[in-house]
Structure formats: C-alpha cells, structure tokens
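Asker: Would you be able to build a 3D model of this:
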Amino acid sequence: MSEHQPVLLHEAISYLDIKPEGVYVDLTFGRGGHSKEILRHLSPKGKLIAFDVDDEAIKAGETLSKDSRFLLIRENFANFLSSLNEIGVKSVNGILADLGVSSPQFDEASRGFSYRMDAPLDMRMDKRNSLTAEIIVNEYKESALAKILWEYGEEKDARKIASLIVKEREETPIRTTTQLAELVKKAKGPKCRHQKGHPAKQTFQALRMETNAELSSLEKMLHDLPEALAIKGRGVVITFHSLEDRMVKQHFRLLTRVEGSRYYPVNEERKFIDLTKKPIVASEEEIEHNHRAHSAKLRAIERSRL
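Answerer: Next comes the predicted model:
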C-alpha cells in the first residue's frame, strides 16, 4: 500500500476538535490517513467508524482491524446514517468527509481514472456497481453526454466533444482511456495545445462523477449529516472542485444562516454554528509538496443545540 498524505490533514483534525472518549465517523476512509490521525487522539474508550466502497481501501483498512476502537463498513457514504442506526449508533461527536479521489486510484492504470495511462474505461470506485465510464461513453445519448460534460466537468466544449464521441463510436466502440483522451483533443482542436493542464481533465472528471453518482451521494450525505451530530458535534467536509464546494456551502448556509435575505430568511431556530465563514485552504507549503492541495476547500459546522 502506498503512503497517501491527506490534504488539509491538520486543519481537519483541528476542526473536528476530537474528544478522547467520543465517537467519530470518517466517511471517506481511502488509504486511512485521516482515520489513523483520529485514532491517535482517541482514548481506549473512543470509537471511530469509517466508510468506503473501494476494494483497495477495504484492504488498507485491514491494517487497523485489530484496533477495537475501529470499525470499517463497506458502504457508500450516502447511506452512512442508516448504517449507523443498524449498529446502534444514534449520534456522533464528529463527521469527516474528504471528497478527493485518492492518489493511488489515479496511479493504478487499470482503474481507468487517469487520462495519462492507457486502460479500460472503468472509473468505478465500487466494483460491485454495473455502470462504467465505457457504458456511459458508448450508450448515452449525445444530449445526455453533453449535459454531463457541461454540468459535472464545466467543459466549455461539451457539445463538440459529445458530438464527436457519438460519431466515432458508430464506427468503433470507445473502450480505453487513451481513445477517449485523443477524441477530446481532436474535438477541442489546436487551441487545446495552449490550455493549462490536460485537455481531457474535465471530461474525465465528469465521467467519473456520473459513473459513481458522486453529486447525488453528496446531496444525500449532506442532508443526513446534521441528524447524526450530537450537541457540540462537528461536521467537516473537504471538497476539490466548485460543484462540490457550492453544495456544501449552500447546505451549511441553510443550517447556520443568521442574516435574512430574499433567498435566505432569518433562521431563528438555527441549531448549528458556522465555524468557517470562509473556506479553509491549503498553505503554500502544503501546495508545494502536494499539488492536489491547491483546489482543496474545507468547511465546518457545529451543532449548538438539539
């Protein structure tokens, strides 16, 4: 297992304000970076419940399985509340979600997440699911493809790319990451040579999000997060692109708003406090050591009363 350094690790732990005998939830176990740090702050009476669906993450969790304070559940974080109820946990002292795709997933070519390595177009985080990026690319209607690329990838050339995908797949199925990346370059034309970053980055992001139903899962998780927090319990979410951050910001604003407006009337019954008026971002030093940190934003809330 490669060592994976989580982004904003110390900030996340600080905002969780861990109580040694508390119960905490890591909704995105990944390679265990956050979980290991949380466990370091817990006493023998503390408890950490983690969630993930990735095969490699489950294997990584085996290294912590002997710790009686730790439990790893193989389940999408969208279903975390029902899973907690099933094991008799009614409320917790803190919930952490790091929404970034772990570096090992990108580094393993066979997973199909990367446009830099040739591999089957898979992109599934949970191998038990039947939908793959290959199915989306080869079977979705042109209009649906364009919508996904525009909404999830914020891709300005969404229609051009979708049109070329449909045209090309009529001749030959698009089965590999390399095929798709080259199609995106072709659709964008010469201008992509002058673009910052890989021209297929936004297309791959959009397909990954559709394959794994990332935004609908996030929506459900954010809806259920407040119900799971005990008094003084904290929710901490780290995002890596604007769509996720916007959703987190809006959900937290509805819970914590204090100033009225046309769209957000005063919440006189507010039960949560906004701990981050502005999102917390990585330091220049962290960004220098980990380029993925440059787009990370952390937001946190605390339940003030029931």
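
Asker: where exactly do the helices run in the stretch 1-150 of the chain?
Answerer: 9-16, 33-40, 55-61, 80-86, 103-107, 133-139, 142-153 (DSSP state H, counting those that start in this stretch).

Asker: so can I have JSON lines of those helices showing mean neighbour count and mean pLDDT?
Answerer: C-beta: built from backbone N, CA, C; applies to glycine. JSON lines is the format used below for the helices of the stretch 1-150 of the chain (neighbours: other C-beta atoms under 10 Å; pLDDT from 0 to 100):
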{"stretch": "helix 9-16", "mean neighbour count": "19", "mean pLDDT": "97"}
{"stretch": "helix 33-40", "mean neighbour count": "20", "mean pLDDT": "96"}
{"stretch": "helix 55-61", "mean neighbour count": "18", "mean pLDDT": "89"}
{"stretch": "helix 80-86", "mean neighbour count": "16", "mean pLDDT": "98"}
{"stretch": "helix 103-107", "mean neighbour count": "17", "mean pLDDT": "55"}
{"stretch": "helix 133-139", "mean neighbour count": "19", "mean pLDDT": "96"}
{"stretch": "helix 142-153", "mean neighbour count": "19", "mean pLDDT": "96"}
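
Asker: Can you say which of those helices is nearest to K277?
Answerer: Smallest distance to K277 across those (C-beta to C-beta): 13.0 Å, for helix 9-16.

Asker: Let me see the contact set for K66.
Answerer: If a contact means C-beta atoms under 8 Å, 6 or more residues apart in numbering, then K66 has no contacts.

Asker: Could you report the pLDDT at it?
Answerer: For K66, the pLDDT comes out at 89.

Asker: before we move on, what about R124?
Answerer: Value for R124, per-residue pLDDT: 91.

Asker: okay, now it: neighbour count?
Answerer: Neighbour count of R124, defined by other C-beta atoms under 10 Å: 20.

Asker: follow-up on the earlier one: and the helices of the stretch 1-150 of the chain: which comes nearest N93?
Answerer: Among these, helix 9-16 sits nearest to N93 (C-beta to C-beta), with 8.3 Å.

Asker: can you list the weak-confidence ranges in the stretch 201-306 of the chain?
Answerer: Residues of the stretch 201-306 of the chain that meet the criterion pLDDT under 70 lie in 258-269.

Asker: give me that answer again for 80
Answerer: Applying pLDDT under 80 to the stretch 201-306 of the chain flags residues 257-270, 306.

Asker: Show me where it has its helices.
Answerer: Under DSSP H, counting those that start in this stretch, the stretch 201-306 of the chain gives helices at 201-211, 214-228, 242-256, 284-289.

Asker: What residues of the shortest one count as buried?
Answerer: What that stands for is helix 284-289. Buried residues in helix 284-289, counted by 16 or more other C-beta atoms under 10 Å: E286, I287.

Asker: From the rest of the structure, what touches that helix?
Answerer: Counting by C-beta under 8 Å, 6+ apart, V7, L8, A293, H294 sit against helix 284-289.

Asker: Count the neighbours of the last one for me.
Answerer: Pointing back at H294 there. 14.

Asker: mind checking how far the residue nearest in space to the middle of the chain is from M117?
Answerer: Among the residues of the chain, the one closest to the centroid is L99, at 2.1 Å (C-alpha atoms, centre = their mean). Distance of L99 to M117, given as C-beta to C-beta, to the nearest Å: 23 Å.

Asker: coming back round to it: which two of the contacts of helix 284-289 have the greatest separation?
Answerer: L8 and H294 (11.5 Å).

Asker: Identify the contacts common to these two.
Answerer: A282.

Asker: Which strands or helices does the strand or helix carrying E182 pack on?
Answerer: Using DSSP states H and E, E182 falls within helix 177-188. Under the contact definition 3 or more C-beta pairs under 8 Å, 6 or more residues apart in numbering; DSSP states H and E, helix 177-188 sits against helix 158-169, helix 201-211.

Asker: could you redo the last one with a cut-off of 10 Å?
Answerer: helix 133-139, helix 158-169, helix 201-211 (3 or more C-beta pairs under 10 Å, 6 or more residues apart in numbering; DSSP states H and E).

Asker: Give the burial count for the closest residue to T132 other than its chain neighbours, as a bare number.
Answerer: Nearest residue to T132, sequence neighbours excluded (C-beta to C-beta, 6 or more residues apart in numbering): D122, at 5.2 Å. Here the number of neighbours of D122 (other C-beta under 10 Å) works out to 18.

Asker: surely D122 meets E134?
Answerer: Yes - here D122 reaches E134: they are 7.0 Å apart, a contact under C-beta atoms under 10 Å.

Asker: mind checking pLDDT for S43?
Answerer: pLDDT at S43 comes out at 98.

Asker: Ignore what I typed, I meant R116.
Answerer: 67.
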